[in-house]
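>>> Mind folding the following:
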Amino acid sequence: MKMKRTADIRKIIDTDDTVLIQRVLDGHTEQFRPLADRHAHRVQKFVARMIPLSEDAEEVTQDTLVSAFQSLARFDAERASFRTWLLRIAYHIALKRLRKASRKGWTQVEENDIEEYPDLETDTMLNDTTSERITRLKQAVSQLAPDDQMLLSLYYHDELPFREIAYIVDSNDSYLRSRLQWLRKKIHQTIINLEHNESKHN
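Next up is the predicted model:
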């Protein structure tokens, strides 16, 4: 019953979005404000996980809404909800900004080393909830490339289905599944490296 209520609420929101979008496209541009206000917090929350400085996250959010307004005629409700479409725009704007930042600190892990780890061993490490391991996990994730960090955010924080994530990042389901599995192993290796380096200095 709870799932049905959630689905009904989402359907109502999507319907309301469609009505407002059509009004904007019909020339009632002032109707974009309530449409934007409805989703701005959700967009900023997503952006803020990748761009922690609040001023920058707010700027990316505003750029996203401006871009959405300017390209509203290209929105296709058959492909995605308005919310997902906004996240797609936010993803690419945030990623462009992040890629301009320094690459210093990104980990370079040999792919052959990553493939050596069995899935069970990786799962055991990443499910370790001790405070030290969680700290290492956060460090390892922070050292990933921006697009990989954002992929993890969409999957683990936003808990979006692969179909929606694929739409947002311009990819396909099969690639995303294999990429996420590879990233888990890369994080595994990075944690081992971090712990090894720390032990050498103790």
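
>>> Going by C-alpha atoms from here, please, whenever you check contacts or count neighbours.
Will do.

>>> Kindly provide the distance from the closest residue to Leu180 other than its chain neighbours to Asp26.
Of all residues not flanking Leu180 in the chain, Leu152 sits nearest, at 7.4 Å (Cα to Cα, 6 or more residues apart in numbering). Using Cα to Cα, to the nearest Å, Leu152 is found at 38 Å from Asp26.

>>> With neighbour numbers in mind, choose between those two.
Ranked by neighbour count (other Cα atoms under 10 Å), Leu152 and Asp26 place Leu152 first, with 18 against 9.

>>> Backbone dihedrals for the more buried one, both of them.
phi -60, psi -40 (degrees, to the nearest 10).

>>> quick one: Met125 and His188 touch, right?
Yes. If you go by Cα atoms under 8 Å, Met125 and His188 touch, sitting 7.0 Å apart.

>>> So those two - more neighbours on which side?
Using other Cα under 10 Å as the criterion, Met125 and His188 rank with His188 on top: 22 against 18.

>>> quick one: buried residues of whichever helix in the chain runs longest?
Of all segments of type helix in the chain, defined using DSSP state H, the longest is helix 173-200. For helix 173-200, a neighbour-count test (16 or more other Cα atoms under 10 Å) marks Leu176, Trp182, Leu183, Arg184, Lys185, Lys186, Ile187, His188, Gln189, Thr190, Ile191 as buried.

>>> Pull up the gap between Arg88 and Ile165, please.
Arg88 sits at a distance of 9 Å from Ile165 (criterion: Cα to Cα).

>>> show me the contacts for the nearest residue to Arg23 once chain neighbours are set aside.
Spatially, and ignoring its direct neighbours in sequence, Arg23 is nearest to Gln31 (6.7 Å; Cα to Cα, 6+ apart). Going by Cα atoms under 8 Å, 6 or more residues apart in numbering, Gln31 touches Leu20, Ile21, Arg23, Val24.

>>> And the second one, which helix or strand is it part of?
Counting by DSSP states H and E, the element that carries Ile21 is helix 2-25.

>>> Least confident secondary structure element in this structure?
Least confident element among the helices and strands of the chain, by mean pLDDT, DSSP states H and E: helix 111-115 (a mean of 52).

>>> count of neighbours near Tyr155?
Other residues near Tyr155 come to 16 when the count uses other Cα under 10 Å.
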